[in-house]
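S.K.: Need coordinates for the below:
(2 chains)
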There are 2 protein chains.
Amino acid sequence: MRHFILSLALSLFATGSAWAQTLKSPDGNLVLDFHLSGTETPVYSLDYKGKPIIKESKMGFVLHPDFQFNQDFEIVDTKFAESDTTWETVWGQNKEIRDNHKEMFVALRQKKTGWLLNIRFRLFDDGLGFRYEFPVQKELRHFIIMQENTEFSLAGDHKAFWIPADYDSNEYPVTTSRLSEVAGLKDAVLKEPLAAQAPPKELAVQTPLMMKTDEGLYVNIHEAALVDYPAMCLNLDDKTFRMSAHLTPDRNGFRGFIQTGTTSPWRTVVVSDDARDILASNLILNLNEPCKIEDTSWIKPTKYVGVWWEYFIGTNSSWAYTDNQDIIIGKTDYTTLKPNGHHGANTAHVKEYIDFAAKHGFDAVLVEGWNEGWEDNWAFGKERIYSFTKAYPDFDVKELNRYAASKGIKIIMHHETTSSVADYERQLQDAFRFMKDNGYDAVKTGYVGKMIPRSEHHDGQWMVNHYNYVAETAAHYRIMVNSHEAVRPTGMCRTYPNWIAQESARGTEFESFNGITPDHTTILPFTRLMGGPMDYTPGIFEGDLSTYGGSKNNKLSSTLTKQLALYVTMYSPLQMAADLYQNYEKHLDAFQFIKDVAVDWDHTYILEAEPGDYITIARKAKGKNEWYIGGITDENAREAVIDLSFLPAGKKYQATIYADGKKADWRTNPKDYVISTKKVSSKTVLKQRLAPSGGVAISIKEL
Amino acid sequence: MRHFILSLALSLFATGSAWAQTLKSPDGNLVLDFHLSGTETPVYSLDYKGKPIIKESKMGFVLHPDFQFNQDFEIVDTKFAESDTTWETVWGQNKEIRDNHKEMFVALRQKKTGWLLNIRFRLFDDGLGFRYEFPVQKELRHFIIMQENTEFSLAGDHKAFWIPADYDSNEYPVTTSRLSEVAGLKDAVLKEPLAAQAPPKELAVQTPLMMKTDEGLYVNIHEAALVDYPAMCLNLDDKTFRMSAHLTPDRNGFRGFIQTGTTSPWRTVVVSDDARDILASNLILNLNEPCKIEDTSWIKPTKYVGVWWEYFIGTNSSWAYTDNQDIIIGKTDYTTLKPNGHHGANTAHVKEYIDFAAKHGFDAVLVEGWNEGWEDNWAFGKERIYSFTKAYPDFDVKELNRYAASKGIKIIMHHETTSSVADYERQLQDAFRFMKDNGYDAVKTGYVGKMIPRSEHHDGQWMVNHYNYVAETAAHYRIMVNSHEAVRPTGMCRTYPNWIAQESARGTEFESFNGITPDHTTILPFTRLMGGPMDYTPGIFEGDLSTYGGSKNNKLSSTLTKQLALYVTMYSPLQMAADLYQNYEKHLDAFQFIKDVAVDWDHTYILEAEPGDYITIARKAKGKNEWYIGGITDENAREAVIDLSFLPAGKKYQATIYADGKKADWRTNPKDYVISTKKVSSKTVLKQRLAPSGGVAISIKEL
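M.R.: Residues are numbered from 1 along each chain as shown, chains lettered A, B, ... in the order given. Below you'll find the model as predicted:
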């Protein structure tokens, strides 16, 4: 159901400057003001329960070469509307999502040029979304954005959970500091060695940006529905705390090639005085377009294992089949080369994983390193690196397809591009056909390193279009996509639910490089996950990485129990059990939680949350009377208070509790865990001690 | 047959600097010297009949970031060889080509780094080719070329036929001047408005560069076998007349991403004291790799008409189907749009051309403007412009395929990319499949405008790889390619003879823009055509372009007879009769020559030639006892002396002579022509007057 109230079409020649419009959220807590300032620049502000969240902030653009499309406007029309609807997810944290918002649409005309620009605001109870719309018009058809002027004038020197702006990476560790401290801290963070780095000169941070005010308000800035437009980071004026949009440019300095008849992404500000509301917010999904795939029956949340972690921890397993770095892709005949003897993706080894997956009820096995080209893929200057249709001689595509199918297991395809993306697009159709011919229905894509085309960055418009093109093309072939090192997500998984997960942040592989801090996973749901699910690949049981000898970092950032809890706190319809299968065989009792935990949900209950400190979440498995709870903490031990009142009343349930042992500590004793069972009801409140960087995982079934 | 003489493997530690090697051409006229200079830099020089052509000239590279890979070398090996073979062309000016050369191979080692660099020289009777070879070696696998240092130190201030260096265009008018005058003249030439222009800051000119010395020697510098490397233009020091390689960079300044195990293109210097030898040279073809296509039976020299010229002359015919510039490709449903009523590529109009082609014995009809996206294709900032698989609503692909096939005519596909090349590659496989599904076996590609990827230029390594990739992929689909606005050719049509022609120079369309000078076609065979055939699209009968009202230039640069002669003087296996068919119907007697003239040849005889002044060529039709002669002149009238001694002796022949009429003059009376017949033999010497910018065309058949 959808109710529109259209009102107040202003006269065409109304002078907007002296005139302001306000819009209130359905619950009245959020109030948006919009008017034209003295220079007839569009400005907006946002209050929450009477307190300023965004002070007066400018809007508009600078167009190529240096045209000010941010002033000299008049308001030619204003329309108000409201909508309260509910839509069903293909998969998600909730089966249904309510979209209840009020809308204000403002049509602007630049007086001197006559050019038109529209702005659409939507206010939800949990925040604001607004976007620019570029209407079709006679005098303006194509233009280049040199700068988007959108400001977010913050009310104070908030505490922020930030990573530095970077056009090519979202993999920095998160720093917690006041905004005024960012400048002093960011250079140290930028020293983090990553495969591709392009931080802008300006003081700027990445979105989603999570902040907390001194008054205890939580504010999150991001964007929704990033289509044919560059990703936005945020410039920071650390004297006034005015932030402003910083669009990812191409290497020529152009930030967006726009044709009228299109829109910008939505700029989003999620606000609450309860941190749990931030995690529960569906604002970004609501601002995305509905699903464009008609039949979604083939899209399936997936739990998987794979030939992966062994490449990171120094076990001598290699992606490459040979040690010959002089291969030339398309010319070298691999069958004539000497294998290096420690290639991970060999048929026998993959069968071990298929056997393990089948035995323990997993859906799929990921295999990296199956295809020609890994020998010198570090040579980023080189464009033609991989074949996406030719397997290494020791990876028998047909036989593995047959074997996996006989065990009811899917193999997940891997397309590492090393960011040679024009070449990936060149091969894309054939690569997808190859997948369908060989039984694959899901692909993990990868974008490590510097971009080719060499004019582009990971987060610029060209690459945004690429990621969306891959998702759309994959949908055509009924293929699910899990993209790594791609631009941070903005809720596009609503429109293309086959884009089932992304990485786009510092994930588990960093445990083996430069490390992950204990608070990392208490922050990610407030930052990276605001845009969509993350393939974080938890489940590392062997926390002492020195076991293998070759890992740069030797200590996992969490207890084993916290690794279990991540399957609930880090929402994703795609979950990996990332450790070597031999390590699971040593702890089959704890492994039982990973086997049991659902990957799709009817309802989600955010029980406790404070960014950087702790998160406790309960979820009801989709279509089942089963509930799973995950609680995690940062470096500090704590007591989680787990109120089970979300359970249907009047029934008895059996809870299996996977808790940190008494001596558990991520630094000294990560594998100390205790498993117990308990009868519970909707009246039960569990109090569970979490060790330093510990966790608790609970499965609940109806008795 | 191939004879190798291996000789003189030098000791590994020979110091090369005090030591020089010479190589002589088979006839002994050309002498090459190679040695290491004082800084142990490789240097070479070239003499012709005792006169210096290239004085001592340096070789080598600067590698990223600023490493000197051009000094500190020692010679570790030298090998000599010779070869005298004959190979058969798939199509060409001659059925067979002799490759008679002597070779010197020099293996160099940089002493400090131990890095290896090889140079291979080949001396033919008509010139020199040499290339760098980057052998596989342990310490050097991938590198970036910042500069190629190859010099061509000329012996004097030669007369040159040049266009300014430009990374994005070869369409400038040719200027004739001394080398010392280039600097003073080039700025005026660069004012020529072209769709994409990127001239370097340095004083530089494009290759093929034709020169004439004061002593009457002809020297032509170009390159052969341009593969995975940027195209070369030539820096000019106009004091010393030292030229040096100037590789086309990408927009980041990188000139070549190289993996060892590959080579540079050949640098070529064609030399003679007779201008006719330059046109007769097969040196560049000989330096290219043999044909890589096994079955070439589907590659067919083609004579065609098409829906093309009408777009240039202001007849109101348009490529676009609508006047709606707000279409968004892939989203807009064209069937809902109002057609503009003057779209050229409509089914009925194409059938007129099919009828005309069938009636007059042509092979094919080119149709431009058949596909979705032309409405705003001038918007170069936009990436997704065309669909290559969706026809406009008024172009009935199936019906036209049926109709053309019923008349024995092929339709030539058109893929204008407007240089949105990543998008073309994205669609390429599907576009070629669409062609094969609908009866097409040839495509004209176009690269108007600025390049996307925005890091690239038309003549850089990335685009060179693109053109080669298209040719190779097309071969896989059995499709012939005629590329317009691509990099200047380097003889690659030997390797991929399905790459049947290119434009890559100022062609006939410029007659309707800013004009073509009367000497243009007397120069092109010495410059642009050195690399391969050109789709020049001659045959314009209506020289008064003001007839149509909309052309910017109103006067064709030649007489009608000269247009006929171009079918012989401008060699191509792909020849268009470019004028409106109605204009041919007005001059069916003259049109007979275009109908008769062959497009493939057993033998070619260069009868007269002086760059910038005149050319007279005779050719024997392939497999037939028919000969065709074309003679052209510049703005000056002249008498062509046409010695028919190439005809087999002792037989009688009928010559049909298409000559300029007495009042013919390109400026005042271009359509004055006289057709006569004459009995001739091998003893006949015809003397034919050519009008200012006039010509003569002759067909000869055995009686």
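
S.K.: Tell me how far A:Thr522 lies from chain B.
M.R.: As defined by Cβ to the nearest Cβ, to the nearest Å, A:Thr522 lies at a distance of 40 Å from chain B. C-beta coordinates here come from the backbone N, C-alpha and C atoms, glycine included.

S.K.: my read: that residue touches A:Thr616, true?
M.R.: No - with contact defined as Cβ atoms under 8 Å, A:Thr522 does not count as touching A:Thr616 (10.4 Å).

S.K.: what sits in contact with each of these two?
M.R.: Taking Cβ atoms under 8 Å, 6 or more residues apart in numbering or on different chains as the criterion, A:Thr522 and A:Thr616 both touch A:Ile632.

S.K.: what's near enough to touch A:Gly631?
M.R.: A:Gly631 makes contacts with A:565, A:569, A:607-608, A:614-617, A:640, A:642, A:688, A:690, A:695-697, as judged by Cβ under 8 Å, 6+ apart.

S.K.: rewinding a little: neighbour count winner among A:Thr522 and A:Thr616?
M.R.: Higher neighbour count among A:Thr522 and A:Thr616: A:Thr616, with 29 against 24, using other Cβ atoms under 10 Å in any protein chain shown.

S.K.: where's that one, which helix or strand?
M.R.: Using DSSP states H and E, A:Thr616 falls within strand A:614-621.

S.K.: just the CA coordinates of that strand, formatted as CSV?
M.R.: Provided in CSV are the C-alpha atoms of strand A:614-621 (Å, rounded to 0.1, in the frame of the first residue of the first chain):
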residue,chain,number,x,y,z
TYR,A,614,30.4,-4.9,22.1
ILE,A,615,27.5,-6.4,20.1
THR,A,616,25.0,-9.0,21.0
ILE,A,617,22.5,-10.1,18.3
ALA,A,618,19.8,-12.8,18.1
ARG,A,619,18.3,-14.0,14.9
LYS,A,620,15.5,-16.4,14.1
ALA,A,621,16.4,-18.9,11.3
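
S.K.: Pairing partners for it, with directions?
M.R.: According to DSSP bridges, strand A:614-621 forms sheet pairs with strand A:601-610 (antiparallel), strand A:626-633 (antiparallel).

S.K.: The stretch 551-700 of chain A: strands as residue ranges?
M.R.: A:574-576, A:601-610, A:614-621, A:626-633, A:638-643, A:653-660, A:673-680, A:685-690, A:695-702 (DSSP state E, counting those that start in this stretch).

S.K.: Give the pairing partners of the last one; include direction for each.
M.R.: Right, the one you point to is strand A:695-702. Take DSSP bridges as the rule and strand A:695-702 pairs in its sheet with strand A:626-633 (antiparallel), strand A:653-660 (antiparallel).

S.K.: contact partners of stretch A:197-204?
M.R.: Contacts of stretch A:197-204 (Cβ under 8 Å, 6+ apart): A:164-169, A:182-183, A:186, A:190, A:233-238, A:246, A:457.

S.K.: Which of those residues are buried? Put it as a ChimeraX command.
M.R.: Buried residues among the contacts of stretch A:197-204 (16 or more other Cβ atoms under 10 Å in any protein chain shown), as a ChimeraX selection:
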select /A:164,165,166,167,168,169,182,186,233,234,235,236,238,246,457
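
S.K.: Which of the contacts of stretch A:197-204 fall in strands?
M.R.: Applying DSSP state E to the contacts of stretch A:197-204, the entries found in strands are A:233-237, A:246.

S.K.: so can I have a markdown table of those residues showing pLDDT and distance to B:Arg109?
M.R.: Below are these laid out as a markdown table (pLDDT from 0 to 100; distance: Cβ to Cβ, whole Å):
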| residue | pLDDT | distance to B:Arg109 |
| --- | --- | --- |
| A:Cys233 | 98 | 49 |
| A:Leu234 | 98 | 54 |
| A:Asn235 | 98 | 52 |
| A:Leu236 | 98 | 54 |
| A:Asp237 | 98 | 57 |
| A:His246 | 98 | 50 |
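
S.K.: quick one: which of the residues you listed is nearest to chain B?
M.R.: Closest approach between these and chain B, by Cβ to the nearest Cβ: A:His246, at 19.7 Å.

S.K.: For A:Val205, see how far away that closest one is.
M.R.: In this view, A:His246 and A:Val205 are 9 Å apart by Cβ to Cβ, to the nearest Å.

S.K.: Which residues are in contact with the residue nearest to A:His64 when sequence neighbours are not counted?
M.R.: Excluding its sequence neighbours, the residue lying closest to A:His64 (Cβ to Cβ, 6 or more residues apart in numbering or on different chains) is A:Ile144, at 3.6 Å. Contacts for A:Ile144 (Cβ under 8 Å, 6+ apart) come out as A:63-64, A:254-258, B:381.

S.K.: Could you verify that A:Ile144 is part of a strand?
M.R.: Yes - secondary structure of A:Ile144 (DSSP: H, G, I helix; E, B strand; the rest coil): part of a strand.

S.K.: ok, what's across the strand from it?
M.R.: Going by DSSP bridges, A:Ile144 is paired in beta bridges with A:Phe257.

S.K.: So for it, what's the pLDDT?
M.R.: For A:Ile144, the model assigns a pLDDT of 96.

S.K.: A:Leu10 now?
M.R.: For A:Leu10, pLDDT reads 39.
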